[in-house]
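> Fold the following and give me the result.
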Amino acid sequence: MRSAPRHVDVLTYLFTAAFAYGTAVHLVQLLGGGGDPYPGVPVAIAWFFVALVVLDPLAAALISRRRRVGLLVGAAVLLLDAAANAVVNYPPHDPAGGVTAGRIGQAVVTALAVLLVFATPRLWRWYR
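Residues are numbered from 1 along each chain as shown. Model (predicted):
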């Protein structure tokens, strides 16, 4: 079997790192937030953010091992994370105007979600 093109390696490393970083972010928020790590956030979204402590490393592990299911799990997680962050980082949940750290984070997650959705067909043949 021939080796994968360089872009496959780069994208695999990128998404593995992104999910590892997401794991760390949500773990810090969970541990640092006490009894309510996501105050004012709708309950379903708060539970989803807590679940990311498991879902992010799962996606990272599957993608790092080049498993096709990792592409699907990863895309689903990023799309849901982007949507959840959009809900909590804009009115009415966040009435702040202009650019905020949460809105920058939401934009980054959205960009990663779009990149993974479009990269999945190219990566699929190199994953098993």
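
> If we ignore the residues flanking it in sequence, what's nearest the residue nearest to the spatial centre of the chain?
By Cα atoms, centre = their mean, the chain has its centre lying nearest to residue 78, at 3.9 Å. Spatial nearest neighbour of residue 78, excluding adjacent residues (Cβ to Cβ, 6 or more residues apart in numbering): residue 113 at 3.6 Å. All C-beta spots, glycine's among them, are computed from the backbone N, C-alpha and C.

> ok now do that neighbour, which residues does it touch?
Applying Cβ atoms under 8 Å, 6 or more residues apart in numbering to residue 113 gives the contacts 75, 78-79, 81-82.

> picking that back up, is the residue nearest to the centre of the chain part of a helix or strand, or is it coil?
Three-state call for residue 78 (DSSP: H, G, I helix; E, B strand; the rest coil): helix.

> Hmm, it is touching residue 118, no?
No. Here residue 78 lies out of contact with residue 118, judged by Cβ atoms under 8 Å, at a distance of 11.9 Å.

> Would you check how far apart the residue nearest to residue 78 and residue 5 are?
As for residue 113, its distance to residue 5 is 23 Å (criterion: Cβ to Cβ, to the nearest Å).

> Likewise for residue 62?
The value you get for residue 62 to residue 5, if Cβ to Cβ is used, is 20 Å.

> Thank you, goodbye.
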